[in-house]
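[1] I'd like to go over a predicted model; first the sequence, then the structure.
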Amino acid sequence: MRRRVVITGIGLVTPLGLDRETSWRGLVEGKSGIRPFESFDASKLRTQFGGEVRGFDVSKYLSKPEERRTDRYSQLALAAADEAMADAGYEVPESQTNQVGVLLGVALGGLRSLEENHITLLEKGPKRLSPTMVPMMLANTAPGLIAIRHGAGGPNYTLTSACASGAHAIGESAALIASGMCSAVITGGAEAVLTEFCVGGFCAMHALSTRNQEPERASRPFCVDRDGFVIAEAAAVLLLEELEAAKRRGAPIYAEVRGYGRTCDAHHITAPHPEGRGVMQALRMALATAEVPADQIGHVNAHATSTPAGDVGEARAIREILGASVPVTAPKSMIGHTLGAAGAVEAAFTALSLKHQIIPPTLNHDTPDPECAINVVGREARPTPMTHALSNSFGFGGTNVSLLLSRV
């Protein structure tokens, strides 16, 4: 018998705040976390702003020697994991350590550490490279560090599928629990690649918005004048548990991970399928695995990066599978696109929406694109009774994920 999987803990570090409650409150209030870059000199770049995590104090989580040995993405992940575990009131039982896994979605890993060490190589030579450079830049270092800290001796690895990484991690973690292989999984996503090198690469692709004079208005999902996405950093960690075990220990329950759809466009390495075929199939699969009719979906947390092609394809898929009236929200309008962390951040927001029965607003949706004719929740949050919601995530390579979460 398939076991039911629930979310019992959530930890968030985002451009809106350093914890779950601050991030959620900022989202519901329609605040923007998009600002000019402060962490590096972006004056030579076409895009000079993004969603930075401001005020993060790593000393709360790591000693000075530990800080020097870890990349920023791992630091954010550890902070979010600590919050999620405390929120759930969960400690890994010594008798079950091998049944608790850590799966994290990461697209680029320790790129900042790689870049810094490359500069050292060019300026000072190979003898001055850090002896911890390799583990710092590896994408699977963060789940390893989380496992060490919390004593999780079960499956431990990173899922890398570009901007769908965090969503894939949650879906695969739920599958491990549903099958009986794990009793709990610490999962989510983390990304911290706001450097001149990385941002410059996306600028070279002409993928980023260039509204340098009005960064808070740059991310404009489903609007006719959108001109690209806004890059950002974040970490989101969720504790997933088997439902009956969570009930027995009196754990708080945010939502059930009920449906999981994953597909590939098999179309283009960076461009989405123009008709949204892969997205449609992911939505169908999520509905089918959850055994939930399309007309029961209370809202969609859209991937909605604010790119010309991506928003159109997703809007078409939503209309085709769910209808044009289902409420849609786009958090990237406030926090930007957190790449490998995006699917986890937005799944966390979706779970919080179900718990609090409110759909966050979408900023800057003041010039709707006729090709994206869907029911976007605009400037103010919308209280809405709902039992089920979908969270979409897509990435380069044509990968698509749709998670269906349900109220318990």
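    Cool, got the structure. Residues are numbered from 1 along each chain as shown.

[2] Let me know the pLDDT of the one residue sitting closest to the centre of the chain.
    Taking CA atoms, centre = their mean, the centroid of the chain lies closest to Ala342, which sits 2.2 Å from it. For Ala342, the model assigns a pLDDT of 98.

[3] doesn't Ala348 make contact with it?
    No - the pair formed by Ala342 and Ala348 falls short of the contact definition of CB atoms under 8 Å, at 10.8 Å. Every residue, glycine included, has its C-beta placed from N, CA and C.

[4] on that earlier part again, report the contact partners of the residue nearest to the centre of the chain.
    Cys163, Gly166, Ala167, Gly189, Glu191, Ala234, His303, Lys332, Ser393 (CB atoms under 8 Å, 6 or more residues apart in numbering).

[5] Beta-bridge partners for the fourth one, please?
    Bridge pairing for Gly189 (DSSP bridges) gives the partners Gly105, Ala236.

[6] all strands for the stretch 301-408 of the chain, in order.
    Listed in chain order, the strands found in the stretch 301-408 of the chain under DSSP state E, counting those that start in this stretch are 327-329, 358-359, 375-376, 382-383, 388-395, 399-406.

[7] Please apply the same query to the stretch 1-150 of the chain.
    Counting by DSSP E, counting those that start in this stretch, the strands of the stretch 1-150 of the chain are 5-13, 35-36, 49-50, 100-105.

[8] quick one, which of these is packed in tightest?
    The highest average neighbour count among these, using mean count of other CB atoms under 10 Å, belongs to strand 100-105 at a mean of 30.

[9] Would you mind giving the domain segments of this structure?
    5-248, 260-406 (automatic domain parsing).

[10] starting at the chain centroid, how far to the shortest one?
    Read that as domain 260-406. Centre-to-centre, domain 260-406 and its host chain are 13 Å apart (CA atoms, centre = their mean, to the nearest Å).

[11] ok, now stretch 163-180?
    So, by CA atoms, centre = their mean, the centroid of stretch 163-180 is 13 Å from its chain's centroid.

[12] need the contact list for the residue nearest to His268 when sequence neighbours are not counted.
    Beyond its immediate neighbours in the sequence, the residue positioned closest to His268 (CB to CB, 6 or more residues apart in numbering) is Gly398, lying 6.6 Å away. Taking CB under 8 Å, 6+ apart as the criterion, Gly398 is in contact with Cys264, Asp265, Ala266, His267, His268, Ile269, Pro272, His273, Gly278.

[13] Neighbour-wise, which one of those residues leads?
    Among those, the one with the most neighbours (other CB atoms under 10 Å) is Pro272, at 27 neighbours.

[14] does that one really touch Ala309, like I thought?
    Yes - using CB under 8 Å, Pro272 is in contact with Ala309, at 5.8 Å.

[15] low-confidence ranges in the stretch 101-250 of the chain?
    When the per-residue scores of the stretch 101-250 of the chain are filtered using pLDDT under 70, no range remains.

[16] Count the neighbours of Pro126 for me.
    One way to gauge burial is a neighbour count; for Pro126, by other CB under 10 Å, it gives 8.

[17] Identify the residues contacting it.
    The neighbourhood of Pro126, defined by CB under 8 Å, 6+ apart, contains no residues.

[18] again, but for Leu104
    77, 140, 142-143, 146, 158-159, 166, 169, 187-190, 237.

[19] Out of the residues you listed, which sit inside helices?
    Among the contacts of Leu104, the ones falling in helices (DSSP state H) are Ala77, Ala142, Pro143, Ile146, Gly166, Ala169.

[20] what's the most distant pair in those residues?
    When the ones in helices among the contacts of Leu104 are compared pair by pair using CB to CB, the two farthest from each other are Ile146 and Gly166, 14.2 Å apart.

[21] residue contacts, Leu404?
    257-261, 286-287, 289-290, 292, 297, 388-390.

[22] Kindly reformat these as JSON lines containing neighbour count, secondary structure and distance to Leu62.
    As requested, the contacts of Leu404 are exported to JSON lines (neighbours: other CB atoms under 10 Å; DSSP: H, G, I helix; E, B strand; the rest coil; distance: CB to CB, whole Å):
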{"residue": "Val257", "neighbour count": "26", "secondary structure": "strand", "distance to Leu62": "30"}
{"residue": "Arg258", "neighbour count": "22", "secondary structure": "strand", "distance to Leu62": "36"}
{"residue": "Gly259", "neighbour count": "23", "secondary structure": "strand", "distance to Leu62": "37"}
{"residue": "Tyr260", "neighbour count": "23", "secondary structure": "strand", "distance to Leu62": "33"}
{"residue": "Gly261", "neighbour count": "26", "secondary structure": "strand", "distance to Leu62": "37"}
{"residue": "Ala286", "neighbour count": "27", "secondary structure": "helix", "distance to Leu62": "37"}
{"residue": "Leu287", "neighbour count": "23", "secondary structure": "helix", "distance to Leu62": "42"}
{"residue": "Thr289", "neighbour count": "18", "secondary structure": "helix", "distance to Leu62": "39"}
{"residue": "Ala290", "neighbour count": "22", "secondary structure": "helix", "distance to Leu62": "39"}
{"residue": "Val292", "neighbour count": "18", "secondary structure": "coil", "distance to Leu62": "42"}
{"residue": "Ile297", "neighbour count": "24", "secondary structure": "strand", "distance to Leu62": "41"}
{"residue": "His388", "neighbour count": "23", "secondary structure": "strand", "distance to Leu62": "39"}
{"residue": "Ala389", "neighbour count": "27", "secondary structure": "strand", "distance to Leu62": "35"}
{"residue": "Leu390", "neighbour count": "29", "secondary structure": "strand", "distance to Leu62": "36"}
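
[23] count of neighbours near the spatially closest residue to Ala315 that is not a sequence neighbour?
    For Ala315, ignoring the flanking residues on the chain, the nearest one in space by CB to CB, 6+ apart is Cys372 at 3.9 Å. Per other CB under 10 Å, the neighbour tally for Cys372 reads 24.

[24] so what's Cys372 up against?
    Applying CB under 8 Å, 6+ apart, we find Cys372 in contact with Phe222, Asp311, Val312, Ala315.

[25] okay, the second one: pLDDT?
    In the prediction, the pLDDT value recorded for Asp311 is 96.

[26] Can you give me the neighbour number for it?
    Burial of Asp311 is recorded as 26 neighbouring residues (other CB under 10 Å).
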